[in-house]
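Asks: Give the three-dimensional model of this entry:
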Amino acid sequence: MNISKDCVASFHYTLRSPEGETLDSSDGREPLSYLHGHNNIIAGLESALDGKAVGDEVQAVVDPAQGYGETHDELVQQVPRSAFGDQKVEPGMRFTAETQAGPRMVTVTAVADEEVTVDGNHPLAGQTLHFDVEITDVREATAQELEHGHVHQDGADH
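Replies: Residues are numbered from 1 along each chain as shown. You can find the predicted model right below:
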């Protein structure tokens, strides 16, 4: 069976930066499973996996537009230090911020006495992503998975 819309595909992967730094990997974990054609993984990787079968190995280079998007300067903001109360705040910490568009994850990039710089861009926004993928399983999705728009592990609705 080949990967196509409405099937469940599973794969092992390594994600690298353009410089070759490993950013993420399924090494030592279960393969990643997703419902193909339902925007459950980034568009560029999903496109690269379309039509592949168990055992196929894929090297995919995904540009920012098909990955996590470009960076947007307006998503980098200065927030008063007082907005964090007595909580210790350090660069790299992530918080959910309430915005006009709803909740958004932000990453602290700098901390000063009076201000904290937060970045609402996805940490991989603006980056070209390099994936090494091995397809481990392809199966038909269940009716419930199709109805819910995502994979159910071991028959459970997560």
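
Asks: Which neighbouring elements make contact with the longest strand along the chain?
Replies: Among all segments of the chain classified by DSSP state E, the strand with the greatest residue count is strand 129-140. Of the remaining helices and strands, those touching strand 129-140 by 3 or more Cβ pairs under 8 Å, 6 or more residues apart in numbering; DSSP states H and E are strand 7-16, helix 43-49, strand 57-62. C-beta coordinates here come from the backbone N, C-alpha and C atoms, glycine included.

Asks: Go through that strand and flag the buried ones.
Replies: Neighbour counts using 16 or more other Cβ atoms under 10 Å place 129-131, 133-136, 138 of strand 129-140 among the buried residues.

Asks: one step back: so which of the helices and strands packed on strand 129-140 is nearest residue 108?
Replies: For residue 108, the closest of the helices and strands packed on strand 129-140 is strand 7-16, at 23.1 Å, according to Cβ to Cβ.

Asks: what residues does the closest one touch?
Replies: The set of residues external to strand 7-16 that reach it, using Cβ atoms under 8 Å, 6 or more residues apart in numbering, is 1, 3, 22-27, 31-36, 49, 52, 129-141, 145, 151.

Asks: Just checking: what are the partner strands of that strand?
Replies: Strand 7-16 pairs in its sheet with strand 22-25 (antiparallel), strand 32-35 (antiparallel), strand 129-140 (antiparallel), by DSSP bridges.

Asks: what's the angle from the last one to strand 57-62?
Replies: Think strand 129-140. Inter-element angle recorded for strand 129-140 and strand 57-62: 130 degrees (by axes from the mean of the first three to the mean of the last three Cα atoms, to 10 degrees).

Asks: Contact partners for the residue lying closest to residue 63 once chain neighbours are set aside?
Replies: In space, and not counting its chain neighbours, residue 63 is closest to residue 128: 5.5 Å by Cβ to Cβ, 6 or more residues apart in numbering. Residues near residue 128 by Cβ under 8 Å, 6+ apart: 18, 61-64, 67.

Asks: after the helix or strand bottoming out on mean pLDDT in the chain, next one along is what?
Replies: Every helix and strand in the chain was compared by mean pLDDT, DSSP states H and E; the lowest is strand 94-99, with a mean of 86. Toward the C-terminal end, the helix or strand that comes next after strand 94-99 (DSSP states H and E) is strand 102-111.
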